[in-house]
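1. Attaching a predicted model along with its sequence, questions to come.
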Amino acid sequence: MPEDSMTIIDNRTGVSYTLPVKNGAIRAMDLRQIKTSPEDFGLITYDPAFMNTASCESRITFIDGDKGILQYRGYPIDQLAEHCTYLETAWLVLNGELPTEPQLEDWTCEIASHAAVPDDIPKILEGFRRDAHPMSVLASLVAALSTDYPEAKNVHDPAVRRLQIVRLLAQVPTLAAYAYRHSLGLPVVPPDPSLSYTENFLSMLWKKNEPNYRANPVLARALDVLFILHADHEQNCSTNAMRAIGSSLADPYMTMAGAIAALSGPLHGGANEEVLKMLDEIGSTDHIPAYIQKVKSGECKLMGFGHRVYKNYDPRARIIKRIAEQVFAVTGRNPKLDIAIALEKIALEDEYFVKRKLYPNVDFYSGIIYQAMGFQPEIFTVLFAIGRNAGWLAQWQELLADPAQKIARPRQVFLGSARREFVPMDQRGVAGAAGV
């Protein structure tokens, strides 16, 4: 009997099966041989929300939630945040290795040269209401790029794929800035290829009448690090959406629009805005003990604490906490930070939260920083999307190169009615009618 295997005994039939174990997993299709009769479909797994199911093999991001480890292509997140730019990290995530100096220089210039969006995009933008949420506008504009670049449908052509990756990395910040300016009733600012990736984004957001806008370098660097921290995070909801849609061979613009839609939900990308609301509700450090009691009694939640994956301190949260002090040295201290730090201290010492392994996650401090930098809460998730752009594209690229992947099509456990005969209208009873 192979050592890397497991034996399952089906108590329904008494038959035993030996299944191979590879990389700590068994293949779900190997369970199909477990049947009660030749007519039986075979055993399937039932796993709502993919709590313990791997849908792919990946070499991009490694997470050990129990130990608080996050690595891109093997590099610890704290080292990348300290030494890299976002575009350098994007190259790593997409290509598997850190770029050489000439590669990074060419890559940076290439991204900058594609930052301008097609001429029809500003016209499309004008069709949105001023109060339209920037995430909705961003998803729509990214989808609209599909009509401008019809060759993008050739997803199996490596050269075509690479060009779309460059375009999306370059143009998503432009679209995001346009969407935000539109919501404020301001004219759009075209990209400036002479600026760095993050400086250019801030210029498109904040430039007014000055001929040459230069963002504060501390703030530009802080935002660059925040983009790095959000670059990828394994098979989260929006990445799963990117892979699932991409498996149909949809072009990357339509595919990414779906990923942006997934990210827009409050359980995914909108959590940092909820943290700000919580800190506003608490109001001052004096009110923290009372709020903690409300959390324990189930009256409210401690936003920004806990994570599906991390059962330890989210390593991104430690980095963001350090960045916060640098940002506030420029912008002035946000009083919410004192509440957040005090709240974190109490929660980390309280047995209720320690027992449940509820530690601060990336959303706990990021919203405070964004607000201090002048961003309105509705753009927080848009900033998340700009950073996650690299990871979505890397995962999409990996999916298309994986021969084991097919169009995503989960099974279901059917619990509905067995076959029954059609009932004519005049014979249907009201009592048995089911609501929609």
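-> Good, I have the coordinates.
2. where does residue 215 fall, helix, sheet strand or coil?
-> coil (DSSP: H, G, I helix; E, B strand; the rest coil).
3. right, and it touches residue 203 too?
-> Yes. Assessed by Cβ atoms under 8 Å, residue 215 is found in contact with residue 203 at 6.7 Å. For every residue, glycine as well, the C-beta is placed using N, CA and C.
4. In three-state terms, label the residue nearest the centre of the chain for me.
-> Geometric centre of the chain, nearest residue: residue 238, 5.1 Å, by Cα atoms, centre = their mean. When classified by three-state DSSP, residue 238 comes out as helix.
5. Over to residue 9?
-> Classification of residue 9 using three-state DSSP returns strand.
6. residue contacts, it?
-> Residues near residue 9 by Cβ atoms under 8 Å, 6 or more residues apart in numbering: 15, 16, 17.
7. what about 6 Å?
-> Applying Cβ atoms under 6 Å, 6 or more residues apart in numbering, we find residue 9 in contact with residue 16.
8. what bridges to it?
-> Beta bridges link residue 9 to residue 16, judged by DSSP bridges.
9. For residue 40, see how far away it is.
-> According to Cβ to Cβ, to the nearest Å, residue 9 and residue 40 sit 17 Å apart.
10. now do residue 116
-> Going from residue 116 to residue 40 by Cβ to Cβ gives 59 Å.
11. got it, and residue 110?
-> To residue 40, residue 110 is 55 Å away according to Cβ to Cβ.
12. Show the low-confidence segments of the stretch 201-350 of the chain, by residue range.
-> Where the stretch 201-350 of the chain drops to pLDDT under 70, the residues are 307-308, 310-311.
13. Hmm, residue 230 and residue 391 touching each other?
-> No. Assessed by Cβ atoms under 6 Å, residue 391 is found out of contact with residue 230, at 8.0 Å.
14. Which one of the two is surrounded by more residues?
-> Neighbour tally, residue 391 and residue 230, criterion other Cβ atoms under 10 Å: the higher count belongs to residue 391, 26 against 23.
15. For the host helix or strand of that one, name the packing helices and strands.
-> Element membership of residue 391, judged by DSSP states H and E, is helix 380-401. When contacts are defined as 3 or more Cβ pairs under 6 Å, 6 or more residues apart in numbering; DSSP states H and E, helix 380-401 packs onto helix 86-95, helix 134-148, helix 158-183, helix 237-246, helix 252-263.
16. and of those, who's closest to residue 125?
-> With Cβ to Cβ as the criterion, residue 125 lies closest to helix 158-183 of the helices and strands packed on helix 380-401, at 5.4 Å.
17. Quick one: work out the angle between that closest one and helix 134-148.
-> If you take axes from the mean of the first three to the mean of the last three Cα atoms, to 10 degrees, helix 158-183 sits at 140 degrees to helix 134-148.
18. Helix 158-183 versus helix 86-95: what angle between them?
-> Counting by the same axes, to 10 degrees, helix 158-183 lies at 140 degrees to helix 86-95.
19. Helix or strand next in line after helix 158-183, which one?
-> Counting by DSSP H and E, the next helix or strand C-terminal to helix 158-183 is helix 197-206.
20. Distance of the closest residue to residue 359 other than its chain neighbours relative to residue 228?
-> Computed as Cβ to Cβ, 6 or more residues apart in numbering, the closest residue to residue 359 that is not its neighbour in sequence is residue 313, at 4.4 Å. From residue 313 across to residue 228, the span is 18 Å (Cβ to Cβ).
21. For those two, indicate the residue with more neighbours.
-> residue 228 (27 against 17).
22. May I ask which helix or strand encompasses the more buried one?
-> Following DSSP H and E, one finds residue 228 within helix 217-229.
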